[in-house]
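J.: Next come a sequence and a model predicted from it.
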Amino acid sequence: MDAQASSGERLVSFKSPKRFLSDLDASVTAKVVASAADVALVIDNGVIKDIALGSGDLSKEGYDASWRGKKWIETVTVESRPKIEDLLKVTPSATPHWRHVNHPSSAGLDVPIKYTAVPTGDKNRIVALGRDLRSMAALQQRLVEAHQGLERDYDRLREAEARYRLLFQSVSEAVLVVDSRTFKIEEANPAAAGYFGKTADLLADDRLSDHFLKKSQPHIEAAVADALSSGSVTSECVKIKGGGGCRLSISPFRFRNAVRLIVRIMPEGDVASQGSPHQDVMGVLLNIPDGMVVASEDLRILTANTAFSDMARLSGRMQVVGRRLSDFVGRSSTDMNVLVSNIKSHGSVRNFSTILKDQFGVEERVEISAVAAPSEAGDVYGFSIRNVARRLTANPRISEQLPSSVDQLTGLVGKVALKDIVRESTDLIEKLCIEAALEITEDNRASAAEMLGLSRQGLYSKLKRFGFDD
């Protein structure tokens with residue numbers, strides 16, 4: 001607003017001023033000037049000789065006859081003085097331009113005025129015309145305050161949304177948000193994803209009725225109709241595909257001219273009998289000190305107990321739901337491939353040695369026992385994960401060989417060149433690593449080569465070199 005205000009304005013001057021305005025006397029001219037501007041100043045050699053006010057409000061701010069005889073530059077604030085100097089340099093041939101200056105006020109707030117200077121016949125005399133910008137400044141201030149109010153409201157909305165998201169994701173009860181017209185699932189929390197054996201992303205956009213038996217769908221539709229007409233409703237017992245029965249607690253809410261449904265899924269056992277044996281077993285599994293994980297066929301975690309979330313250094317067990325088990329378990333993809341291959345071949349695996357990585361990348365040695373549980377939706381895998389970092393010692397065969405080999409190597413110091421000792425120790429380390437990889441993969445040489453970062457041909461060459469070829 002400060003820059004030369006005329007830069008975006010196109011001036012249109014009178015075409016024949018001498019023809020129509022030449023007969024105006026000084027009094028008429030003075031009235032025209034005073035009426036056209038909120039404040040008009042007659043300046044001679046930088047000194048205010050006369051003043052006219054078009055607004056009575058300005059006299060309350062100290063704009064009065066006391067300005068006569070003062071230098072114009074002394075009536076403005078310090079930062080505005082260069083602009084007054086610029087206005088005083090106006091020439092008859094120059095295009096008029098506007099400058100925003102501030103006058104100090106007795107009320108404490110500066111008074112903003114936009115001035116332009118018009119030279120008269122006397123080369124040292126100009127007429128300064130000013131427009132009062134206080135109304136515009138007040139409007140800008142209200143705009144700033146409104147913008148700040150919107151920002152505060154937006155921050156409160158974001159905070160409320162964050163609390164909703166945290167509650168929605170962490171609640172142990174299965175909850176869905178469903179479109180009342182199409183029955184499409186718009187949102188699902190991790191508990192609901194685990195209940196239906198899908199990730200939340202895959203569950204979204206499914207129809208609610210698609211996950212229930214056909215004979216249960218009329219009950220669901222009736223419950224939705226009752227909820228829309230009378231508020232919260234609990235349905236009759238309905239059956240999910242490939243699972244047991246449950247009841248649906250349905251509550252409607254309106255958002256953006258559309259009605260959504262909050263659907264809480266209450267398993268039949270939870271409604272029928274609190275403290276049932278099934279619940280007792282689930283309570284034990286959730287609180288057992290070993291990590292317990294149930295994963296889908298593609299190894300996405302459907303549910304996990306508190307011990308596993310502690311091992312992964314996560315604040316809650318729901319934070320692991322939907323993630324791949326390989327994000328936490330295995331030295332490489334080979335570990336999980338070997339583990340799943342053995343589960344599919346034998347139905348279960350005991351004491352599979354591998355590592356577990358927490359969310360910070362810290363690794364600990366663990367043993368895994370796993371079992372497959374077939375279902376209509378595909379195999380579901382259960383994993384028991386035990387931390388054995390403090391219990392496990394080195395591999396017996398390695399511990400038997402390593403001390404004698406080290407003794408042999410250190411005994412060569414002074415008798416054999418260092419490069420020969422290094423070559424001998426390198427051979428020993430290679431042999432021990434190959435032996436460990438073969439044990440982990442149960443003599444699967446292709447997997448062992450991938451684990452060691454070798455080509456198959458390279459591994460076969462080393463096996464022959466170290467006598468493992470048989």
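T.: Perfect, I can see it now. Numbers count the residues shown, from 1 in each chain.
J.: Tell me the spacing between Leu463 and Leu428.
T.: 16 Å (Cβ to Cβ, to the nearest Å). All C-beta spots, glycine's among them, are computed from the backbone N, C-alpha and C.
J.: Okay, now the unreliable bits of the stretch 151-300 of the chain?
T.: The stretch 151-300 of the chain contains residues with pLDDT under 70 at 242-243, 268-283.
J.: residue boundaries of the strands in it?
T.: Using DSSP state E, counting those that start in this stretch, the strands of the stretch 151-300 of the chain run over 174-179, 185-188, 233-234, 238-239, 245-255, 258-267, 291-295.
J.: Could you do the stretch 351-470 of the chain as well?
T.: So, for the stretch 351-470 of the chain - with DSSP E, counting those that start in this stretch - the strands run 363-373, 380-387.
J.: What residues sit buried inside stretch 94-106?
T.: Within stretch 94-106, the residues scored as buried using 16 or more other Cβ atoms under 10 Å are His97, Trp98, Arg99, His100, Val101, Asn102, His103, Pro104.
J.: Does the first one touch Lys114 like I think?
T.: Spelled out, that is His97. No: using Cβ atoms under 8 Å, His97 is not in contact with Lys114; the gap is 10.4 Å.
J.: if we can go back for a sec, packed most tightly, which of the strands of the stretch 351-470 of the chain would that be?
T.: For these, ranked by mean neighbour count under the definition mean count of other Cβ atoms under 10 Å, the leader is strand 380-387 at a mean of 20.
J.: for the buried residues of stretch 94-106, which one is nearest Thr75?
T.: Checking the buried residues of stretch 94-106 against Thr75 with Cβ to Cβ, the nearest one is His103 at 5.9 Å.
J.: Okay, and the beta partners of the residue nearest to Glu363 when sequence neighbours are not counted?
T.: Of all residues beyond its chain neighbours, the one nearest Glu363 is Ile355 (4.7 Å), with distances taken as Cβ to Cβ, 6 or more residues apart in numbering. In this structure, Ile355 bridges to Arg365 when assessed by DSSP bridges.
J.: Quick check, pLDDT for Ile355.
T.: Model confidence at Ile355, given as pLDDT, is 89.
J.: thinking again about what came up before, quick one: which of the strands of the stretch 351-470 of the chain is nearest Thr199?
T.: Per Cβ to Cβ, nearest to Thr199 of the strands of the stretch 351-470 of the chain: strand 380-387, 13.7 Å.
J.: Give me the angle between that closest one and strand 363-373.
T.: On the basis of axes from the mean of the first three to the mean of the last three Cα atoms, to 10 degrees, strand 380-387 is oriented at 150 degrees to strand 363-373.
J.: quick one: average confidence on strand 380-387?
T.: The average pLDDT within strand 380-387 is 89.
J.: partner strands of that strand, parallel or antiparallel?
T.: Strand pairing (DSSP bridges) places strand 380-387 next to strand 291-295 (antiparallel), strand 363-373 (antiparallel).
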